[in-house]
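Chemist: Predicted model and sequence follow; I will ask about them next.
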Amino acid sequence: MNTVSFLDVKRSVSRDILRGRFRANDKLPSETVLAEQFGTSRLTMHRALRELAEEGLLRRRTSSGTRVADPAREIVGYVGLLMQDVIWGGRQGEWLFALTQVLLKSGIALIPCSYHGDAPRALEIARRFVNQNILGAVAMPCAENFNLVLDAFTERELPVVIAGKYERPESPVHYISTNHYGGAALLARHLWEDGHRRFAALTASHTQDACTRMAGFCDTIRELGGTLVADGQCEVRNLDDIPALARRWRQQPQAPEAVFCGNDLIAFELMAALHADGLRIPDDLAVAGMGDDPMGKAALSPLTTVHVPLAEEGALIGQTLLKSIRGELTGVFHRELDGTLVVRESCGCGTLVRPRARKPQTPNQKEACLKRR
C-alpha cells in the first residue's frame, strides 16, 4: 500500500527542484529509484513526473531520461495574479514589472487576470488557476470578504501572497503592503500644519487600500481637532461627478479649505474642475493626492502627494512568494512599506513636515513613520 499520495509526491519533487536539491539540467534518478525514495509506486511516480514535465519543471526524453528544466532559459512554472484591474502603464506598471522580473529570474511566468471588483468572478478565476496546477498566486483583495477566494488556494496548499494588508486571524496569510493609513495620516498633518482646519476627502473604489487611506486621513483630522465638512467624506463612482460635488461644497457656509483625494487621478479631475471654474489652487482650495503619478509634476498645479513604493512592493512580493514556494519561510510574513511625502504647489510649499509619534491603530499595526522627500 502506498504511504505517500500522488499530490504529496508531486509537491515534494517540485520543492526539491525549487530548493536546489536537483539543479538545472540535472538528470533525475530512474522512476523506480525515486519511487523507493518517496515510498510510493512506480506508477504514481511516473504520473507525478509526467505532470511536472507538462507544467515545465522537467524535460523528459526517451533517449536522455528526465532532466530538470533550466530557469535561465526556460519557463519552469507559472504563478497566478488576481487583481481588480491589470494595467501595465503608469505606477501600477512599475509594480507589475518589478514582480514579473523577480519571478522570471527563477523561470516562473506570471498569469495576470482582472476581476473588476466582482467577488464571484474572483472566485471563479481562483478555481481555474488551481486547476491549471500553478505554483502559487499573488492576490489583491477587494474590500468584500475575500476569504472564499483565498480558501480556493489554501485548500490545495498553494502558496499565496496578498498585495495589500489583509488580516485573517483564523488562517493568516502572507501580505506585503504600503502603509496606506500612515501615508494619508502624514498628508493630514501636513495640511493641518499649513493652517487648514476644514477638510473634505474623496475616494473612488471599494478596495481595502482605498478604505484604509480614507480612514487614515479622517481619523487623523479628527484627532487634531479639524472638521470634515457636511458630505465631505465621499466615494466617487464616476469621475464626471466631481465638478458638481466641488461646487456643492463651495456653496456651504463652511466650505472646505483643503481636499484629500484617495489617489492622484481623483486629484487631477478635481483640480481640472476647479481651474475650469476659475478657482486658484491652493489659494482658494488646497488639494492633495496619493500615489505620486508621474503626471503630478506636470499638472496645472503640481500635485502634493505621497510617493507609494510600488516597485519595491512588487519585488518584495515576488521574493516572498518564491521563498514560500521553496518552503523557506517559517511562520507568516507581514511587511508594510513606508511612503514618502512629496510637497508641491497644490498645497503650497511650507515648512518641512516631520511625522510625529502617535498611537497605533491596533495592537498589531506598526507605527506609521514616513519621511518627507
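Modeler: Cool, the structure landed. Everything numeric here is computed off the predicted structure, so don't read it as measured data.
Chemist: contacts, neighbours, all on C-alpha from now
Modeler: OK.
Chemist: any idea where the helices of the stretch 251-373 of the chain begin and end?
Modeler: Listed in chain order, the helices of the stretch 251-373 of the chain (DSSP state H, counting those that start in this stretch) span 264-276, 310-325.
Chemist: do the stretch 51-200 of the chain as well
Modeler: 90-104, 119-131, 147-154, 180-193.
Chemist: Can you list the low-confidence ranges for the stretch 201-350 of the chain?
Modeler: For the stretch 201-350 of the chain, the stretches with pLDDT under 70 are 206, 349-350.
Chemist: Burial check on Pro253, number of neighbours?
Modeler: When neighbours are counted by other CA atoms under 10 Å, Pro253 registers 8.
Chemist: about what we covered before: so which of the helices of the stretch 251-373 of the chain comes closest to Gly107?
Modeler: helix 310-325 (10.9 Å; CA to CA).
Chemist: Okay, buried residues for the closest one please.
Modeler: 310-311, 313-318, 320-325 (16 or more other CA atoms under 10 Å).
Chemist: And stretch 230-250, by the same measure?
Modeler: So stretch 230-250, judged by 16+ other CA under 10 Å, has buried residues 232-233, 235, 242-243, 245-246, 249.
Chemist: Quick one: end-to-end length of it, please.
Modeler: 11 Å (CA to CA, to the nearest Å).
Chemist: So the spatially closest residue to Gln254 that is not a sequence neighbour, which state does it fall into?
Modeler: Distance criterion CA to CA, 6 or more residues apart in numbering; nearest residue to Gln254, sequence neighbours excluded, is Val229 at 7.0 Å. Secondary structure of Val229, reduced to three states by DSSP: H, G, I helix; E, B strand; the rest coil: strand.
Chemist: in the stretch 201-350 of the chain, which spans are strands?
Modeler: With DSSP state E, counting those that start in this stretch as the criterion, the stretch 201-350 of the chain has strands at 227-235, 258-261, 286-288, 305-307, 334-337, 340-342.
Chemist: out of these, nearest to Gly65?
Modeler: Nearest to Gly65, of these and by CA to CA, is strand 334-337 at 41.8 Å.
Chemist: hmm, who's touching the closest one?
Modeler: Identification of contacts with strand 334-337 by CA atoms under 8 Å, 6 or more residues apart in numbering yields 165, 174-179, 309, 313.
Chemist: chain center to that strand: distance?
Modeler: 11 Å (CA atoms, centre = their mean, to the nearest Å).
Chemist: Neighbouring strands - and their directions - for it?
Modeler: Strand pairing for strand 334-337, using DSSP bridges, gives strand 174-178 (parallel).
Chemist: what angle separates the strand it pairs with from helix 310-325?
Modeler: Angle, strand 174-178 to helix 310-325, by axes from the mean of the first three to the mean of the last three CA atoms, to 10 degrees: 170 degrees.
Chemist: what residues does strand 174-178 touch?
Modeler: 160-166, 308-310, 313, 316-317, 332-339.
Chemist: can you pull the buried residues of it?
Modeler: Applying 16+ other CA under 10 Å to strand 174-178 flags 174-178 as buried.
Chemist: Over to stretch 213-225?
Modeler: Neighbour-count burial for stretch 213-225 [16+ other CA under 10 Å]: 213-221.
Chemist: shouldn't Lys323 be in contact with Leu329?
Modeler: Yes: in this structure, Lys323 is within contact of Leu329 by CA atoms under 8 Å, at 5.9 Å.
Chemist: How much space separates Val259 from Asp293?
Modeler: 18 Å.
Chemist: Compare these two (neighbour count), which wins?
Modeler: Val259 (26 against 19).
Chemist: quick one: the more buried one and Val287, what's the gap?
Modeler: Counting by CA to CA, the gap from Val259 to Val287 is 5 Å.
Chemist: pLDDT at the residue positioned nearest the centre of the chain, what is it?
Modeler: The C-alpha lying nearest the average C-alpha coordinate of the chain belongs to Ala163 (CA atoms, centre = their mean; 2.8 Å). You'll see Ala163 listed with a pLDDT of 92.
Chemist: Would you mind naming the residues that bridge with it?
Modeler: Ile176.
Chemist: from memory it sits against Cys142, does it?
Modeler: No: with contact defined as CA under 8 Å, Ala163 does not reach Cys142; the gap is 10.7 Å.
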